[in-house]
Structures are given as C-alpha cells and as structure tokens.
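A.B. asks: take a look and give me a structure for this.
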Amino acid sequence: MTIWLIMTALAVGTFLIRISFILLLSDRDVPALLSSALRFIPPAVLLALVIPQILTRQGVMQISLANPQVIAGIVASVVAWRTRSVLFTILSGMLVLWTLQALAPGL
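C.D. replies: Numbers count the residues shown, from 1 in each chain. A predicted model of the protein is given here:
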C-alpha cells in the first residue's frame with residue numbers, strides 16, 4: 001500500500017508542477033527568440049536517442065564503415081534530407097541494415 005501512495009503522490013506532484021506552468025504562462029506571448037529556439041528541441045532529443053544506438057555495437061563504440069548501423073544511418077540521413085519523409089527514411093535505413101546484415105552475418 002505504501003508504494004501505491006508514493007506513486008500517487010509523485011503523479012499528483014508531477015501533474016501540479018506541469019499544470020502550474022500552463023496556467024501561469026498561458027496568457028503570455030512567447031518571445032520570438034525563445035519560440036525559434038524551442039523548434040530545435042524535438043530534433044535534438046531524437047538525435048540524442050538515435051545516435052548512441054547507431055554508433056554502439058555490442059556495448060562498444062564502433063565508429064567505422066565496418067559497422068552496418070553506421071552505413072544504414074548515413075543512408076537514412078541522406079534519404080531524410082532529400083525526401084523529408086519519415087516513412088521513406090525508416091524504410092530505407094532498415095532495408096540497408098537488413099541487407100548488410102544478411103550479406104555479412106559476422107558484422
């Protein structure tokens with residue numbers, strides 16, 4: 001029962017902290033500089049999640065073309081840059097990764 005009370009208290013506390021900012025700042029305009037800076041948060045978070053997965057192989061940092069994840073990441077980056085399509089980016093990256101893994105299973 002104690003764990004449920006702790007979890008409920010933490011959930012309520014988190015909710016109150018978040019709603020307080022919404023209620024306090026909802027009637028104000030966001031400055032243009034802050035608004036333009038906030039646009040970069042989602043891509044930065046996505047990169048922070050994806051890059052370590054691409055560059056790490058079996059728990060070791062492996063930044064070389066011998067790592068098929070690096071090649072797939074490069075291909076996916078080029079496809080994303082040229083097409084601006086999330087679907088094509090994911091499909092191309094996975095297709096290249098699976099192809100490289102099938103051609104060279106030891107990598």
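A.B. asks: could you dump stretch 85-102 to PDB, C-alpha only?
C.D. replies: The C-alpha coordinates for stretch 85-102 follow below in PDB (Å, rounded to 0.1, in the frame of the first residue of the first chain):
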ATOM      1  CA  SER A  85       9.600  11.700 -45.400                       C
ATOM      2  CA  VAL A  86       9.700   9.800 -42.100                       C
ATOM      3  CA  LEU A  87       8.300   6.700 -43.700                       C
ATOM      4  CA  PHE A  88      10.900   6.600 -46.500                       C
ATOM      5  CA  THR A  89      13.700   7.400 -44.000                       C
ATOM      6  CA  ILE A  90      12.800   4.500 -41.700                       C
ATOM      7  CA  LEU A  91      12.200   2.100 -44.600                       C
ATOM      8  CA  SER A  92      15.500   2.900 -46.400                       C
ATOM      9  CA  GLY A  93      17.500   2.700 -43.200                       C
ATOM     10  CA  MET A  94      16.000  -0.700 -42.200                       C
ATOM     11  CA  LEU A  95      16.300  -2.100 -45.700                       C
ATOM     12  CA  VAL A  96      20.000  -1.200 -45.900                       C
ATOM     13  CA  LEU A  97      20.600  -2.500 -42.400                       C
ATOM     14  CA  TRP A  98      18.900  -5.800 -43.000                       C
ATOM     15  CA  THR A  99      20.600  -6.200 -46.400                       C
ATOM     16  CA  LEU A 100      24.100  -5.600 -44.900                       C
ATOM     17  CA  GLN A 101      23.300  -8.000 -42.000                       C
ATOM     18  CA  ALA A 102      22.100 -10.700 -44.500                       C
END
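A.B. asks: mind listing what's buried in it?
C.D. replies: Of the residues in stretch 85-102, those buried under the neighbour-count criterion (16 or more other C-beta atoms under 10 Å) are 89, 92, 93, 96, 97, 100. Using the backbone N, CA and C atoms, a C-beta is placed for each residue, glycine as well.
A.B. asks: stretch 29-42 now?
C.D. replies: Taking 16+ other C-beta under 10 Å as the basis for neighbour counts, none of the residues of stretch 29-42 comes out buried.
A.B. asks: now do the same contact list for residue 31.
C.D. replies: If a contact means C-beta atoms under 8 Å, 6 or more residues apart in numbering, then residue 31 has no contacts.
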